[in-house]
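>>> Below is the sequence, then the predicted model.
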Amino acid sequence: MSAGRPTIFLSAAEASGDEHAANLIAALSRRCPEARLVGLAGPKMAAAGCEVLADVTRRASMVGGPLLQIGYWLRAVRRMQRAIRQLRPDLHVPVDSPAMNWHLAAAARAAGARVLYYIAPQVWAWAPWRVRKLARLTDQVACILPFEEPYLRHRGVNACYVGHPLLDTLPPRRDQPPDLAAAWAEGVWRVALLPGSRPGEIAAHSAALAAVADRIRRRWPDARCTFTARTDDCAEAVRRAARRDGLDIAVGRTREVLAGAHFAVAVSGTVTLEAAFFGVPMVILYRASRLGHRLARPWLLRTPHLSLVNILAGRRLVPELMPWSGRTRPLVETVMELMDDYGWLCEVRPELAALVEPLRAPGGSASDNAAALAVDLLRRGCGR
């Protein structure tokens, strides 16, 4: 640890990482108020007190895949590598986003910094040989899924489970969940349609979700099908992708929609854990090439299930159409079949709600537990 004021360099490349890193910054400021917090940061990190050297979170949410923006990302990586060499921070905290953070962690190690990876790459799910890189580039990994700690420790990574940050921010459940019996018997369904948050996800899934909504309303005219969108820009992207106006879209109110939902159709991601928290039966999908999936399965993918809900359950608790080819008919048929199955709906609700309880942070919050690891690394040096 440097004399006087320690420097902590944080790096987040997407909106979700910006939010989690902002909560970590608040916890770090309480535990180590003298630290200088600086790095690759979004608006929420800036508001929490981080000096922003660059913000790529807005770029990550723009239309156009990584290949179309590769020049921008390479320049951003090189700029941050130079900043790390100049700052020579005491600690680097990469948050999620391995495509960028692998490079920055390597630069931080070369500059003599310790590295605490928060929300680590899911090396247990795909390309498991990357675990060797994770061990080489980090002093400690703050895990957010319970099984990650033993998995990584067994493979030489100094890992510690800190809890899932999602559970730190979710509101309490309602005393009484939405009346499923009335929805099923009277057709007054409230269905959440969750198209994802990235532009590519919205573009790939919104039209099919709109078709699902059309089919539900033809069967049950009193049903309400609500899309969720993180921002107004995301809502407009949903309208464009669905090629229609008049959609029911809730902006910035995903949790409110899920708390009142009887059923959900969700693009795979962390939002499926939010749906599970509220006990919402769901179908999970993600559009991808079937050929690419077949080629990747023997070499890259090492889990029998691909959605977080089923991975945590260790079985196919809810249907997952992954990879999904984009054909609407099988999706609609799956949704209608499940909404007709009252027994399954009643059975799966409590199982989903119970599934997320082990994700609660032990002894506090995930961000505070991660901050404690960071401060401990600063003070004792991880034995190096």
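Noted; the coordinates are in hand.
>>> And Thr334, how close does it get to Leu321?
7 Å (CB to CB, to the nearest Å). C-betas here are computed from N, CA, C, even on glycine.
>>> Name all residues that make contact with the closest residue to Ala54 other than its chain neighbours.
Using CB to CB, 6 or more residues apart in numbering and skipping the chain neighbours, the partner closest in space to Ala54 is Leu40 (5.5 Å). Neighbour list for Leu40: 10-13, 53-56, 76, 80, 100, 104 [criterion: CB atoms under 8 Å, 6 or more residues apart in numbering].
>>> which ones among those residues are found in helices?
If you go by DSSP state H, the contacts of Leu40 have 76, 80, 100, 104 in helices.
>>> Span of stretch 90-100 from start to end?
20 Å (CA to CA, to the nearest Å).
>>> Contacts for that stretch, please.
By CB under 8 Å, 6+ apart, the residues outside stretch 90-100 that reach it are 1-2, 6-14, 16-17, 20-21, 24, 40, 56, 66, 73, 76-77, 84, 101, 104-105, 108, 113-119, 121, 130, 374, 377-378.
>>> Give the buried subset of the residues you listed as a PyMOL selection command.
This is the PyMOL syntax for the buried subset of the contacts of stretch 90-100, where burial follows 16 or more other CB atoms under 10 Å:
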select buried, resi 6+7+8+9+10+11+12+13+14+16+17+20+21+24+40+56+73+76+77+84+101+104+105+108+113+114+115+116+117+118+119+121+374+377+378
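>>> Can you pick out the ones from the contacts of stretch 90-100 that are in strands?
The strands, defined by DSSP state E, take in 7-12, 40, 114-118 from those.
>>> Show me which of these is closest to Asp248.
The closest of the ones in strands among the contacts of stretch 90-100 to Asp248 turns out to be Ala12 (CB to CB; 31.8 Å).
>>> just checking, that closest one touches Ala46?
No. Using CB atoms under 8 Å, Ala12 is not in contact with Ala46, being 11.0 Å away.
>>> contacting residues around the closest residue to Cys32 other than its chain neighbours?
By the measure of CB to CB, 6+ apart, the closest residue to Cys32 outside its immediate chain neighbours is Val375, 5.1 Å from it. Neighbouring residues of Val375 by CB under 8 Å, 6+ apart: 28, 31-32.
>>> hmm, 10 Å instead?
Contact analysis of Val375 by CB atoms under 10 Å, 6 or more residues apart in numbering lists 1, 6, 8, 27-28, 31-32, 35, 91, 116.
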